[in-house]
Structures are given as structure tokens and as C-alpha cells.
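A.B. asks: need the 3D shape of this:
(one chain, ligands or ions: 1)
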Amino acid sequence: MILVYRYIKDQRLIDFCEDYLEFMCRKDYFLLSYKAMLTDELHYCSCHTGGVGTKTRLPALVYTATGNKTYLQASENMIRKVRAKCVHATGSPVSASEYLGPVGSVTETEYCTYTVWHMMYSYMSYITGDAKYGEYMEELFYNGAQGARKKDERAIAYLNSPNQLYATTKSSWAMGDMQVYAPCYPTACCPVMSVLLPPEFIRGLILRDGEDNLYFAAYGPCSLKYGDRALRVDTLYPFRNRVKITLECDGEFALHLRIPSWSEGYRVTVNGEEVKTEKDEASYAPVQRLWKKGDEVEISFEASVKVQTVDDSDMASKFPLSIRYGALVFAYHVPEKWTPIKGTPMTPLPEGWSWFNVRAAFTPASVEDGHEEIGLRRWQYSWNFALDEKLSPADITVEERDVAGYVWENPPILLHTHCYKAPYLNATYQSKTFEPFEKYQYVTDRLDLTLEPYGCTNLRITYFPKAKLD
Ligand SMILES: [Zn+2]
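C.D. replies: Reported below is the predicted structural model:
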């Protein structure tokens, strides 16, 4: 309605929207009114996590028509609150049985929340002009959302979590068969929303202001044709921290380049020559000139590996570690075994499409005795490991690899470090992914450890348990 108001200027549309915001205050069962958003209170399970994505942007949208800053503050404060308690390192909003839940190794995310939260960030990016919302878009799109889809685009997981050794009809903590990989579920929202996400992300990459200056809110390969503005973006971002923009039009205007919060320095060149540009308060660095078709702008960011402690104090309180580099979160990719299953699709699946159970693959222990085999095989579990809680970024090396095939299947970047074998970390007969029981894990040998971008995995360890070391 607010968007329609911009075109037809009928005051009744604004009146209706403001009436609705007040109605929400009187019937605030889900603590999603703008007045509830303005408070510091936030309660798990109070509202549907997808509802947060759809409702939170509404007051800010009404602000764009009325100028009432209270509405804008409500949306901004709500995002601050939910991000402080309910968002994984991967940008995944936590949904406990679809409702707001705490961060933890096995707390799940419903797929459609990626799309509706992305839309919330994207709307806030263009309403406020604040670069942090572009960063949230990238975090969610390049990490969480990629990690919950099959890499041939033919299945998603309705629910997924940072640590997952199973994605089967039995592995979900919250809801029935919802961790299984499927092209369609009896509940339609997530598959539908999953195909809406990429075009929504692309739509939010570049913004314009009233003079048609361009703002790069998020980075990714794309091209733009709008009015007399045209350009192309070539980049392997987020696998590389360099972005090249080639102008395909003439004209005087500014390119505002987002400087990510993780960037420890940046360098901008125009046609190979360095250009000095200071980032503004909103974290955009402007480059203004009279452009000619074929001009090339390059921006590169300095980044370093970060080892972070995950605050899971409202869940297991194990404070596991997570590792990121640039816009990417890294995980140990648990070897996967995909088994097609019949599932319960509502309509027949086309040829070549299936539901799948995904389980961790391992080499059986080579012993004759079946009973002994059960006891020994956990030594073959490559995911039974823990990290030194004092692990420093200096202990982690970055390997940039040539692109070979699809980047989400063959990652062009890896991290290498070390870990410690934790033979008793996981139970033998489990069918769900458990939190580790002890605060510090009993460990034996020191081992090499290679990590992949989270988005390249479907089974993984992302929140690393801590080793008991003297
Ligand atoms: Zn859904």
C-alpha cells in the first residue's frame, strides 16, 4: 500500500496502514506491534520467525510515507534485538518449531525465513541507506541459505542447523521429517520461498538515489541496465575479496562502494590507477567522475581469519568456536551419503527428482567381530574432533584455489588448521545430531583440519566443540 501510495498519493492508503499498526498494538499476541518492537524485551517462542521477517519492515515502510521516525526506530530496534539473540553466525534466523529460538549447535532454521528476513534487510537497506543491511543480506545469502539446498538446485531442507550429521526423515529436533532434503513438502512455504531468494538478492545488490547515483549494497556477479545507467560486475566474491565494475555507459555520477565491517583496509582503482576515497557514515566509499564506456573500477578488501566464540548461553552453554574469513563462515564438511527415498510429496515428482535422506559417510572398522566393529567404528568418524579454545587466526592458513566447476560444490577457497581427535564426542546409535555433553572434550591425537565455506556443505560441523588440553 505504501508503494502504491507513492504513485497515486491517496491519503486513505496511509490512514489504513497507520490504523493497522495501531490495531497490532491492541491485539499484540505475538509481540510484533511497533510498540513492542521499540522495547528492549524479546521472548523466544513469542512469534513465528518468518513473521518477524514480514512484520518488522512494515513500520519502516510507513515511515517512508509519513516521516514519523518512531516507526523507523521500531523496525531498526527489532532487528537489533532479534540479531542479538536469534541469529546464527551463518546469518540463519533461528526457528524453534518455526518460532523465535536461541542460538545453539543444533537449533534449526526454517528455509522460508531466509527469504523473508532477506527482504526485511533489503527494504531496510534502501529505506535507511545504511550499509550494514547489505552486509546482513550477504551473510544470510552466502552462508545459511546456500548450506540448506542441494547443489543441483533440486531439493532444500525445510529445517537445518549449524551442526548436522543427519538430514533425514527422523533427524529434526523440532518437527517430524523436516530436515530431509526434498523438492516439495506438504507445507509449501519453504520450497516456494527458496526460489524467490536469489532474484530478491540480485534485486537488492545495487540501489540508486534521486540523482541516479549508484550504491553497491551487496556484492556479487551481476549486470545493471537502468535508464541511461549500465554496468557489469565481475567477481568471485565472496570467495575472493575483489570486485571489478565495468561501465557500459557514459555520464557523470557516483558509484558508492560498500565497505564491509570485516574489511581491515580497502583499495580502489579506476583504470588501474589508485583513487583515494573515504567511507561515509553509512559505510559507503564514493567514487564520482565523468565516466566513459569501458572504464574499469576495482575495489579490493583486506581480510583476516576470525575465530569467534558462539554465545549459546540460552541453549547448551558450551560456547563453541566458529571461524569466518571475509563474508564467509567456514565449516568442516562431513562426508555425505545421499539416499533417494519416496517421501510424501503431495503431487507426483517429475523424472529425475526425489526426496533424500542424507547421512554421514565413514569407513567401517576392519574387524571380523560385529560387536567390536560397533565399538571401533567411531574412530573412523572424521567429525569426532575438537578445537583448542586458544586457536589463533595465526594457526589458520587460507588457500585460494582455481575455479573448477560449480563454486558451491568445488569451493575455490579452503582454510587449513589443526584439531584434536575426540573419539567419544558422539554416541554410536544416534539418529539426531546431539550437542556434545561435556564442556571440554576428551581428546587424543592432533590432526590436520580442512574447512570449506558453510554454503558448500549439507552435513557439517560449524560450531566447534572445545578440546580438554592441559
Ligand atoms: Zn516455511
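A.B. asks: Val243 belongs to a strand?
C.D. replies: Yes: assignment of Val243 by DSSP: H, G, I helix; E, B strand; the rest coil places it within a strand.
A.B. asks: is it in a bridge, and if so with what?
C.D. replies: Each beta-bridge partner of Val243 is listed here: Thr235, Ile299, as defined by DSSP bridges.
A.B. asks: I'd say it and Leu231 touch.
C.D. replies: No: taking C-beta atoms under 8 Å as the definition, Val243 is not a contact partner of Leu231, at 11.6 Å. C-beta here means a position set from N, CA and C on the backbone, and glycine is covered the same way.
A.B. asks: Leu247: neighbour count?
C.D. replies: Residues within reach of Leu247, counting by other C-beta atoms under 10 Å, total 21.
A.B. asks: from Glu399, how far off is it?
C.D. replies: Here the distance between Leu247 and Glu399 works out to 33 Å (C-beta to C-beta, to the nearest Å).
A.B. asks: so where do the strands sit in the stretch 201-350 of the chain?
C.D. replies: Taking DSSP state E, counting those that start in this stretch as the test, the strands found in the stretch 201-350 of the chain are 206-208, 214-216, 222-226, 229-235, 242-247, 251-258, 266-270, 273-275, 284-291, 296-301, 305-309, 321-325, 328-333, 336-341.
A.B. asks: tell me which other helices or strands the last one touches.
C.D. replies: Right, the one you point to is strand 336-341. Packing contacts for strand 336-341, counted by 3 or more C-beta pairs under 8 Å, 6 or more residues apart in numbering; DSSP states H and E, involve strand 355-360.
A.B. asks: quick one: stretch 280-297 to chain centroid distance?
C.D. replies: Between the mean C-alpha location of stretch 280-297 and the chain-wide mean there is a distance of 28 Å, by C-alpha atoms, centre = their mean, to the nearest Å.
A.B. asks: that one - what's its average pLDDT?
C.D. replies: With pLDDT averaged residue by residue, stretch 280-297 scores 97.
A.B. asks: can you list the domains in the protein?
C.D. replies: Using automatic domain parsing, the domain ranges for the chain come out as 2-198, 207-235+242-301, 306-467.
A.B. asks: between the two ends of the last one, how far is it?
C.D. replies: Pointing back at domain 306-467 there. With C-alpha to C-alpha, to the nearest Å as the measure, the first residue of domain 306-467 is 19 Å from its last.
A.B. asks: now it: average pLDDT?
C.D. replies: With pLDDT averaged residue by residue, domain 306-467 scores 94.
A.B. asks: just how off-centre is that domain within its chain?
C.D. replies: Counting by C-alpha atoms, centre = their mean, domain 306-467 is centred 18 Å from the centre of its parent chain.
A.B. asks: and the shortest one, by the same measure?
C.D. replies: Its chain's C-alpha centre and that of domain 207-235+242-301 lie 24 Å apart, by C-alpha atoms, centre = their mean.
A.B. asks: if I read this right, Ala327 contacts Tyr237, doesn't it?
C.D. replies: Yes: taking contacts as C-beta under 8 Å, Ala327 lies within contact range of Tyr237: 7.2 Å.
A.B. asks: quick check: residues of this protein near the ion?
C.D. replies: Contact residues of the chain with respect to the ion, defined by C-beta under 5 Å from the ion, are listed as Glu110, Cys112, Cys189, Cys190.
A.B. asks: what's the farthest-apart pair in these?
C.D. replies: Spanning the widest gap among the residues of the chain next to the ion are Glu110 and Cys189, at 8.1 Å by C-beta to C-beta.
A.B. asks: okay, now Lys293: neighbour count?
C.D. replies: Burial of Lys293, expressed as a neighbour count using other C-beta under 10 Å, amounts to 12.
A.B. asks: same question, Val407
C.D. replies: The local packing count at Val407 equals 18, with neighbours defined by other C-beta under 10 Å.
A.B. asks: ditto for the one 4 residues further on
C.D. replies: Residue crowding around Pro411 was assessed by other C-beta under 10 Å; the count is 23.
A.B. asks: next, it: secondary structure please.
C.D. replies: Secondary structure of Pro411, reduced to three states by three-state DSSP: coil.
A.B. asks: from what I can see it touches Glu452, true?
C.D. replies: Yes: taking contact to mean C-beta under 8 Å, the distance of 4.9 Å between Pro411 and Glu452 places them in contact.
A.B. asks: give me the nearest residue to the closest residue to the ion within the stretch 251-400 of the chain, chain neighbours excluded.
C.D. replies: At 15.0 Å from the ion, Met346 is the closest residue in the stretch 251-400 of the chain, using C-beta to the ion. With C-beta to C-beta, 6 or more residues apart in numbering as the criterion, Met346 has its nearest non-adjacent residue at 5.9 Å, and that residue is Pro186.
A.B. asks: and that neighbour, how many neighbours?
C.D. replies: Other residues lying near Pro186 total 13 when counted by other C-beta under 10 Å.
A.B. asks: then Arg359?
C.D. replies: Each residue near Arg359 was counted by other C-beta under 10 Å, and the total is 19.
A.B. asks: pretty sure it is in contact with Val334, am I right?
C.D. replies: No: no contact is recorded between Arg359 and Val334 when judged using C-beta under 8 Å, the distance being 9.4 Å.
A.B. asks: give me the common contacts of these two.
C.D. replies: When contacts are counted by C-beta atoms under 8 Å, 6 or more residues apart in numbering, Arg359 and Val334 have Leu165, Leu459 as shared neighbours.
A.B. asks: and Glu368, that one's in a strand?
C.D. replies: No: following the definition three-state DSSP, Glu368 is coil and is not counted among the residues of a strand.
A.B. asks: gap between it and Glu135?
C.D. replies: 56 Å.
A.B. asks: those two - which one has more neighbours?
C.D. replies: For Glu368 against Glu135, the residue with the higher neighbour count under other C-beta under 10 Å is Glu135, and the figures read 22 against 6.
A.B. asks: pretty sure that one sits against Ala282.
C.D. replies: No: taking contact to mean C-beta under 8 Å, the distance of 11.6 Å between Glu135 and Ala282 leaves them out of contact.
A.B. asks: can you give me the helices in the stretch 1-150 of the chain?
C.D. replies: Per DSSP state H, counting those that start in this stretch, the stretch 1-150 of the chain has helices spanning 2-8, 11-26, 34-38, 49-66, 69-86, 111-128, 131-139. These are given in chain order.
A.B. asks: now the phi/psi pair for Pro183, please.
C.D. replies: Here the main-chain torsion angles of Pro183 (degrees, to the nearest 10) amount to phi -80, psi -30.
A.B. asks: how much space separates it from Pro348?
C.D. replies: From Pro183 over to Pro348 (counting by C-beta to C-beta), the distance is 11 Å.
A.B. asks: grab the most central residue of this structure for me.
C.D. replies: In the chain, the centroid-proximal residue (C-alpha atoms, centre = their mean) is Leu140; its distance is 2.1 Å.
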